[in-house]
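In: Here is my input, please return the structure:
(chains A and B)
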2 protein chains.
Amino acid sequence: MSQEYKFEGWVALDEKSIDGNLKFQEYEPKKFDETDVDIEIMYCGMCGSDLHTISGGWGKPKYPQVVGHEIVGKAVRVGSEVKHVKVGDIVGVGAQSDSCRECVQCKQNREVYCDLGQTGTYNGIYQRGEGKGDKSYGGYGNYARHPGHFVFKIPDELDPALAAPMLCAGATVFSPLKQYGAGTTAKDVGIIGIGGLGHFGLLFAKALGANVTAISHSESKKDAAMKMGASRFIATHSGGDKDFEPYRRSLDLIICTTNDANMPLSGYISLLRPTGTLILVGVPEKPLPEIGASTLIFSNVHIGGSCIGSPEVIREMFDVAVKEKVTPWVEKRKLEDVNATIQDMRASKQKFRYVLVNEKNGGKL
Amino acid sequence: MSQEYKFEGWVALDEKSIDGNLKFQEYEPKKFDETDVDIEIMYCGMCGSDLHTISGGWGKPKYPQVVGHEIVGKAVRVGSEVKHVKVGDIVGVGAQSDSCRECVQCKQNREVYCDLGQTGTYNGIYQRGEGKGDKSYGGYGNYARHPGHFVFKIPDELDPALAAPMLCAGATVFSPLKQYGAGTTAKDVGIIGIGGLGHFGLLFAKALGANVTAISHSESKKDAAMKMGASRFIATHSGGDKDFEPYRRSLDLIICTTNDANMPLSGYISLLRPTGTLILVGVPEKPLPEIGASTLIFSNVHIGGSCIGSPEVIREMFDVAVKEKVTPWVEKRKLEDVNATIQDMRASKQKFRYVLVNEKNGGKL
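Out: Residues are numbered from 1 along each chain as shown, chains lettered A, B, ... in the order given. Predicted structure coming up:
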């Protein structure tokens, strides 16, 4: 099969790229495997991880980088071994591009936690096949190539622009909501941080039938949170005990989306009922705040972590999104305005999620 | 009913009592309720909590104090509302003396996590009944008075001297082993710290059918641990990654009994398989070591805490102890040698558990 397109994207060349210096240029994608799919990118959501990676905040990345892992577009080349997607389908890729597919975790449909480590959609190195040793590249560009196992058909009922941010942000909160029984064993669910991830937390917790509490440092997003499905709003202005005391032991499950390393973690934990769990999905660049063992021991509560979503979970999320008409709150930006949009994200101007639109490839503003 | 005995015990009068200055003297127990049981003490296990309390390491206690919460003896006065115990029975009390009995936790047989807080067997204040406002006193003495709900009949098949340390140390590890599925959903169980709590961890994890790994900072207790039921021993000499790497992702559940605030917590967590949980039962006097959110997120693992054992759990523990012939490793000391024995504990001379013997009340050395 011939390839009549070039892989071009907004490339980060060094740490200074974060200051509005992504360059649009060609790059070399992984070698094509017959298990791969090439996607003509129409939309790409912008995730906080993209900025942590460009800036090196999580550690020096493998420059040059094209970030973006909420990719939706048209399948333009489909490897002969890929059966669930055909050329012309609207498909998407989330934050994971590959895994070993052979370990216990992979065999149990928990590819995110692959024993050999996952290959991220960008800043990763493929460990298998023709592309072994090649780098992975994300969606701030024209085309993307990823293993078909991690490429999903987007349901016809979903707006592809809105499906894009579900692939990372949506799945990152849907996965622990489902795993920890939101709406079933966990009736009362709290969502900390009402941003890109958090707003999906409210939408999906509600869709799963939970009573939802929004938890934010100020009241500025209260109205939006209530519209998204929260029935209660806790503002933790001071981070002190008095913010939390009235709501002590009132939640079964908390999804913590903030990546503020100074979060009032002990206060958050005090909101859990015994046997309850707080799941971290945001990754601060510094260690978690100190807590005492007694905070956990005397209430029989837990802190855990959950990472994006494995393919089975992503498909289940799309089913719920279709059935419950989950509609994320996004703001569209032109792909060519990516440098300016990054500055807006750094200045915390985005309300919930920016989605880059590639108009040349058919994306609609 | 008349009372022909005096409540006397080894009393801590101030922080200096930890240096061998407990004084044998009379004290005023709680006022008797018809729901209470008086116990003529034969044995009392010695728990690390006793020392933390005497010294004020967990915060200034309510002096004068008589510590000790692994109490076994003969019921000598039984309130008219107590139905499961009669005068003459060999009975025991663990680390909890009372709770509200009305909250959701109490109603669900999880009295340890009572919404109003538990009343400890010592250093507590009763919140109910005739004794409301009175202090609780422990078992380093001749007699103890406690609410019957927290007084257990000791099975005839168990040596009362060996049943004593089960009431706190045994229950503290049995409770999370049972709650988190040791031997069923959690096949591979690790026990960190092979002391008083930890040796019970090995014994009960084995009794529940788990494959047991003992984890200690040195190899000094390896032989003992293998005799207690461990099939694998990990020595974490340096606390560095290399101690843990060979055993990465090999455990489903870890019970952490150490109260060393410098424990290599991230290393311990690396031993968990995804979805696994590390349960803290030891309470360091300082905050837990720093960990990064990514330690939890990228493996979908959890840290939680569990506190002693509620009555239902303690009864279940005794059933398992009888059925599986669980035999703790204890060293008996005379009650009147308590000051010297505390010094031996402070010098880490005890191997697993000291049990104080009150020979005047029929305890046997």
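In: What residue in the stretch 101-250 of chain A comes nearest to chain B?
Out: Of all residues in the stretch 101-250 of chain A, residue A:113 sits closest to chain B, at 4.1 Å by C-beta to the nearest C-beta. Every residue, glycine included, has its C-beta placed from N, CA and C.
In: Would you map the strands across the stretch 201-350 of chain A?
Out: Ranges of strands within the stretch 201-350 of chain A are A:211-216, A:232-235, A:251-256, A:272-280, A:302-305, A:330-334, based on DSSP state E, counting those that start in this stretch.
In: Give the buried residues for stretch A:90-109.
Out: Neighbour counts using 16 or more other C-beta atoms under 10 Å in any protein chain shown place A:90-100, A:103, A:105-106 of stretch A:90-109 among the buried residues.
In: what does stretch A:331-347 give?
Out: A:333, A:335, A:338, A:339, A:341, A:342, A:345.
In: pretty sure residue A:333 contacts residue A:355?
Out: Yes - contact criterion C-beta atoms under 8 Å: residue A:333 and residue A:355 qualify, at 7.2 Å.
In: Need the residues touching each of the two.
Out: Residues touching both residue A:333 and residue A:355 (C-beta atoms under 8 Å, 6 or more residues apart in numbering or on different chains) are residue A:46.
In: Within reach of chain B, which of the buried residues of stretch A:90-109 are there?
Out: Contacts with chain B within those, counted by C-beta under 8 Å from any C-beta of the partner chain: residue A:105.
In: Among the buried residues of stretch A:90-109, which pair sits farthest apart?
Out: A:90 and A:103 (31.1 Å; C-beta to C-beta).
In: What number of residues are in the vicinity of the closest residue to residue A:84 other than its chain neighbours?
Out: In space, and not counting its chain neighbours, residue A:84 is closest to residue A:153: 6.5 Å by C-beta to C-beta, 6 or more residues apart in numbering or on different chains. By other C-beta atoms under 10 Å in any protein chain shown, 15 other residues sit near residue A:153.
In: Ramachandran angles for residue A:153?
Out: Per-residue torsions, residue A:153: phi -70, psi 130 (degrees, to the nearest 10).
In: hang on, isn't it packed against residue A:88?
Out: No - look at residue A:153 against residue A:88 with C-beta under 8 Å: they stay out of range, at 11.1 Å.
In: who in chain A is up against chain B?
Out: Listed as neighbours of chain B in chain A under the rule C-beta under 8 Å from any C-beta: A:105, A:110, A:112-113, A:115, A:249, A:259, A:274, A:277, A:280-284, A:287-288, A:290-307.
In: Pull out the buried members of those.
Out: Here the buried ones among the residues of chain A next to chain B, as counted with 16+ other C-beta under 10 Å, turn out to be A:105, A:110, A:112-113, A:115, A:249, A:259, A:274, A:277, A:280-284, A:288, A:291-307.
In: which residues touch residue A:47?
Out: Counting by C-beta under 8 Å, 6+ apart, residue A:47 makes contact with A:68, A:69, A:70, A:95, A:165, A:168, A:169, A:196.
In: any idea how far it is from chain B?
Out: In this view, residue A:47 and chain B are 14 Å apart by C-beta to the nearest C-beta, to the nearest Å.
In: Same check on residue A:94?
Out: Note on residue A:94: its distance to chain B, by C-beta to the nearest C-beta, is 15 Å.
In: what's near enough to touch the closest residue to that residue other than its chain neighbours?
Out: Residue nearest to residue A:94 in three dimensions, not counting chain neighbours: residue A:167, with 3.6 Å by C-beta to C-beta, 6+ apart. With contacts taken as C-beta under 8 Å, 6+ apart, residue A:167 has the following neighbours: A:45, A:69, A:70, A:71, A:72, A:92, A:93, A:94, A:95, A:152, A:314.
In: Shouldn't the fifth one be within a strand?
Out: Yes - counting by DSSP: H, G, I helix; E, B strand; the rest coil, residue A:72 is part of a strand.
In: And the pLDDT for it?
Out: On pLDDT, residue A:72 comes in at 98.
In: Write down the beta-bridge partners of it, one by one.
Out: Residue A:72 has the following beta-bridge partners by DSSP bridges: residue A:43, residue A:92.
In: okay but it is in contact with residue A:158, surely?
Out: No - with contact defined as C-beta under 8 Å, residue A:72 does not reach residue A:158; the gap is 9.4 Å.
In: okay, those two: which has more neighbours?
Out: The neighbour comparison of residue A:72 against residue A:158 (other C-beta under 10 Å) goes to residue A:72, with 30 against 20.
In: What's the separation between that one and residue A:19?
Out: 28 Å (C-beta to C-beta, to the nearest Å).
In: Repeat that for residue A:168.
Out: To residue A:19, residue A:168 is 24 Å away according to C-beta to C-beta.
In: Looking at the two, which is more packed in?
Out: Between residue A:168 and residue A:19, counting by other C-beta under 10 Å, residue A:168 is the more crowded of the two (30 against 13).
In: which residues does the more buried one contact?
Out: Under the criterion of C-beta under 8 Å, 6+ apart, the neighbours of residue A:168 are A:45, A:47, A:49, A:69, A:70, A:94, A:95, A:308.
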